[in-house]
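1. got a structure for you, letters missing:
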């Protein structure tokens, strides 16, 4: 299963002027992992699909990362 | 910083006196999908892209400057001995009026180079996908230039440059896969 967000640790210089952000993140939404959408994928209920912007849970991309509480270490 | 090697990446030979070709080749010098736009785009994106792919942008951005001076050499060789009359006949009258034989960063239609030709979005996926698209557009431009040129020596150089676009596209596509990869499963909550 793919993740919708990736995290990486940039180089931190001993001479950086500001307190470092040790973890950076970027978005890897679901369309990157689906070469051609297969037929018959599960669908949201119509009202939820209208709210979310897609019929298919497989294409839904939350933002910001709902699992993340901040860019701190660990 | 850079070290400079005083030779071209691939030799540039020109066999026919055809200043009009220079007018078309300048598209790859100062055009939207040209070598200058490519070099500046990649070398600028380096800073904020994840370090796993920053080195690739550094290397390809540097190579684009090597391509830029190949194009510059072609344009220079095609125009350096043209009379003002020949420049006019080649459609380079407007260029001559403003620049004499000097090279200038504009496209084949004379529109000056602008930083708005490329983007630095900061989103690694968006930036790398733009880079892939840029390589394909540059490849297409080389194709159209080859289609219009009947100088076999110029075409030899253009075919080399076209092939480099193919290779760069492949490397950027690999970079996209690296960015998509699920690495060390560690998640930071």
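-> Noted; the coordinates are in hand. Not measured: the values here are computed from a predicted model.

2. what about residue B:101, neighbour count?
-> By other Cβ atoms under 10 Å in any protein chain shown, 17 other residues sit near residue B:101. For every residue, glycine as well, the C-beta is placed using N, CA and C.

3. now it, nearest residue through space, not along the chain?
-> Residue nearest to residue B:101 in three dimensions, not counting chain neighbours: residue B:79, with 5.4 Å by Cβ to Cβ, 6 or more residues apart in numbering or on different chains.

4. distance of that neighbour relative to residue B:18?
-> 10 Å (Cβ to Cβ, to the nearest Å).

5. more neighbours, the two?
-> Taking other Cβ under 10 Å, residue B:79 and residue B:18 do not tie; residue B:79 has more neighbours (27 against 19).

6. show me what contacts the more buried one?
-> B:19, B:22, B:87, B:92, B:101 (Cβ atoms under 8 Å, 6 or more residues apart in numbering or on different chains).

7. ok, the third one to residue B:31 distance?
-> Right, residue B:87. 20 Å.

8. next: the first one.
-> Computed as Cβ to Cβ, the residue B:19 to residue B:31 distance reads 18 Å.

9. how about the residue nearest to residue B:27 when sequence neighbours are not counted, phi and psi?
-> Leaving aside its sequence neighbours, residue B:27 sits nearest to residue B:108 (Cβ to Cβ, 6+ apart; 4.0 Å). Main-chain dihedrals, residue B:108, degrees, to the nearest 10: phi -60, psi -20.

10. number of nearby residues for residue B:108?
-> Neighbour tally, residue B:108, other Cβ under 10 Å: 20.

11. correct me, but it touches residue B:31?
-> Yes - when contacts are counted by Cβ atoms under 8 Å, residue B:108 is listed as touching residue B:31 (6.7 Å).

12. could you check the pLDDT of residue 27?
-> No chain in the question, so chain A it is. We have a pLDDT of 96 for residue A:27.

13. oops, chain B please
-> pLDDT recorded at residue B:27 is 98.

14. other SSEs contacting the host helix or strand of residue B:164?
-> Using DSSP states H and E, residue B:164 falls within helix B:152-180. If contacts are counted by 3 or more Cβ pairs under 8 Å, 6 or more residues apart in numbering or on different chains; DSSP states H and E, helix B:152-180 sits against helix B:51-79, helix B:124-148.

15. swap in 10 Å and give it another go.
-> strand A:5-8, helix B:19-25, helix B:35-45, helix B:51-79, helix B:124-148 (3 or more Cβ pairs under 10 Å, 6 or more residues apart in numbering or on different chains; DSSP states H and E).

16. give me the contact list for the helix or strand following the second one.
-> Using DSSP H and E, the helix or strand that follows helix B:19-25 in sequence is helix B:27-30. Helix B:27-30 has contacts (Cβ atoms under 10 Å, 6 or more residues apart in numbering or on different chains) with B:22, B:33-38, B:67-72, B:74-75, B:103-114, B:117, B:138, B:141-142, B:144-145, B:158, B:161.
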